[in-house]
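Engineer: need a 3D model of the following:
(2 chains)
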2 protein chains.
Amino acid sequence: MARGPLAIIAGGGDFPPALAEIAARQGHGLFVAALDGAADPARFGAIELTSYRLGQLGRLLDELRRRKIADLVLIGSLPRPSFGALRPEASTLKYLPHFARAFQGGDDHLLRGVVRFFEERGFRVHGPAEIAPELTAPMGALGRKAATPAQHELIARGFCMLSALAPFDVGQAAILADHRIVAIEAAEGTDAMIRRVAELASSGRLKIARGDGVLVKAPKEGQDLRVDMPAIGPDTLRNIAEAGLAGIALRAGRVLVGDRGKLGRLADQLGLFVEGVI
Amino acid sequence: MARGPLAIIAGGGDFPPALAEIAARQGHGLFVAALDGAADPARFGAIELTSYRLGQLGRLLDELRRRKIADLVLIGSLPRPSFGALRPEASTLKYLPHFARAFQGGDDHLLRGVVRFFEERGFRVHGPAEIAPELTAPMGALGRKAATPAQHELIARGFCMLSALAPFDVGQAAILADHRIVAIEAAEGTDAMIRRVAELASSGRLKIARGDGVLVKAPKEGQDLRVDMPAIGPDTLRNIAEAGLAGIALRAGRVLVGDRGKLGRLADQLGLFVEGVI
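Structural biologist: Numbers count the residues shown, from 1 in each chain, chains lettered A, B, ... in the order given. You can find the predicted model right below:
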């Protein structure tokens, strides 16, 4: 995209400030709307923020138009809000029916509803990877350690299995160890899946030898990478190390990792490989 | 199979006594070897048992030969034994290398090793379904309740997904709710998967409406139904009810359910459907 004015609508976590910093450096006329209760202002350093509650959507739209901003990125975590806690301002009330509908379905449905909301009002919604591909998994190892041939075999089988699940809209990650698939992620999320494997291993129901055990993670087919890109972070690496697994393989360019250098150093410290593959 | 003498090598749970009762009624010359610490003698009623420790395998083989028994069934649960706790008798020592190799792999590998062990010694290993098909899921509902068309749609999608996982030797069960696949079983087992969904629902991370939510269960492709048939029991039904799910669909003839009438009555009590499908 061109270097026009850009709005970042920022939720929680490390990714919003990392993206804001990169976008500011790229010379975008940057406007950061920090979502109240989700984004942590302290993490944004010198970057100027404006805070909005979800119920102040009307006010946010007015501000974007006033600033002639047509391009925006939605990034960061957001605790699924209760519809009752929105406390909508007068200028937001008219949008409630749209979100009432979006709230009926699962998370995917809600996210699609949010994208459609902005698009119907003339905004272009961009993915963080379009603005800052350097925040995604690169090809190859992030740290010093790379996967062994035996680990690559597990990784290939894991990604192949995730692809087989594509028609069923499930399977963003899996764990392989002991020559087989030991966990497949569905609604529980990646961290809960890693904990499950750690528990199976510590109770002796699963044997994970040293150097065995990989997490594979990729977007589901059809997942909207603009607003719902899979991500890993320092906690993922720590959980993987704690579960006694050897490393992580990610679809290069299609999974957010944040600061690659920082994550690579943490991987080295923990003795893990973290690798992007095609 | 003909009505020749038959040995049942019995582990824990309801299935071994149920099978023994049926086999006795069929007029098999029946010999039941109850595995010490696994089979519960009290459950076998009038049927005569002989107890064996795993370390008395040599003694068991001698007895089978003395009785000219060539046909046997291995059935029931067995806590995965530690190799050190076998305390083998002299007549069993020579078999240790076989089992030492079988112990190296996963559970599947161990089971295949056990089957091969008996086959190499001239025994025929039969599945419980060959002897007593009435212990497996029938076609149609076990109790009064049948799945609705909407539930059948979820069930079809679930079985289709499990089939897609077949090449990867994983996926014996899954749970669908809220129009999607919310859990896939790998190494954790069916009960742990049901508990996971119950926790996601009770923490509000997953919405399961009344009448929504089905468990689908089928053998993995290539699973040896002689010694490793998937099974459900009263606890499965109770867990499903507790998780707020609507029912269970099973591959007819390919999942053990034990006493169909008893399970059907429990399904009625709990307000669940339990249905066998092709």
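Engineer: how many residues are close by A:A183?
Structural biologist: Burial of A:A183 is recorded as 27 neighbouring residues (other C-beta atoms under 10 Å in any protein chain shown). Quick note: C-beta positions are derived from backbone N, CA and C, even for glycine.
Engineer: one more: the one 4 residues further on?
Structural biologist: Counted with other C-beta under 10 Å, the burial measure for A:A187 works out to 22 neighbours.
Engineer: correct me, but A:E89 touches A:R59?
Structural biologist: Yes: shown here, A:E89 and A:R59 form a contact pair, counting by C-beta atoms under 8 Å, at 6.3 Å.
Engineer: give me the more crowded residue out of the two.
Structural biologist: When A:E89 and A:R59 are compared on other C-beta under 10 Å, the one with more neighbours turns out to be A:R59, at 17 against 14.
Engineer: give me phi/psi at the more buried one?
Structural biologist: When read as degrees, to the nearest 10, the backbone of A:R59 gives phi -60, psi -40.
Engineer: now the closest residue to it other than its chain neighbours: which helix or strand?
Structural biologist: Once its chain neighbours are removed from consideration, A:R59 has its nearest residue in A:S91; the separation is 5.8 Å (C-beta to C-beta, 6 or more residues apart in numbering or on different chains). When elements are assigned from DSSP states H and E, A:S91 belongs to helix A:90-93.
Engineer: show me what the helix or strand just after that helix is packed up against.
Structural biologist: For helix A:90-93, the succeeding helix or strand toward the C-terminus, using DSSP H and E, is helix A:96-103. Judged by 3 or more C-beta pairs under 8 Å, 6 or more residues apart in numbering or on different chains; DSSP states H and E, helix A:96-103 is in contact with helix A:107-120.
Engineer: beyond the helix it packs on, next helix or strand please.
Structural biologist: On the C-terminal side of helix A:107-120, the closest following helix or strand by DSSP H and E is strand A:124-126.
Engineer: and the contacts of that next one?
Structural biologist: Strand A:124-126 is contacted from outside by A:1, A:6, A:70-74, A:115, A:118-119, A:226-227, using C-beta atoms under 8 Å, 6 or more residues apart in numbering or on different chains.
Engineer: cool, and stretch A:233-245?
Structural biologist: Stretch A:233-245 is contacted from outside by A:13-14, A:175, A:177, A:190-191, A:194-195, A:197-198, A:201, A:208, A:210, A:212-215, A:247-248, A:257-258, A:262-263, A:266-267, A:270-272, A:274, using C-beta under 8 Å, 6+ apart.
Engineer: and A:L154, how many neighbours?
Structural biologist: Residues within reach of A:L154, counting by other C-beta under 10 Å, total 25.
Engineer: which residues of chain A score low on pLDDT?
Structural biologist: Counting by pLDDT under 70, the low-confidence segments of chain A come to A:1-3, A:80-85, A:102-109.
Engineer: quick check: domain ranges of it?
Structural biologist: As assigned by automatic domain parsing, chain A contains the domains A:6-131, A:136-277.
Engineer: pick the most buried one from the ones you listed.
Structural biologist: Across these, the average number of neighbours (mean count of other C-beta atoms under 10 Å in any protein chain shown) peaks for domain A:136-277, which reaches a mean of 19.
Engineer: quick check: residues of chain A near chain B?
Structural biologist: For chain A, the residues in contact with chain B (C-beta under 8 Å from any C-beta of the partner chain) are A:105-106, A:157, A:160-161, A:164-165, A:167-171, A:174, A:178-184, A:186-188, A:192, A:196-197, A:200, A:205-206.
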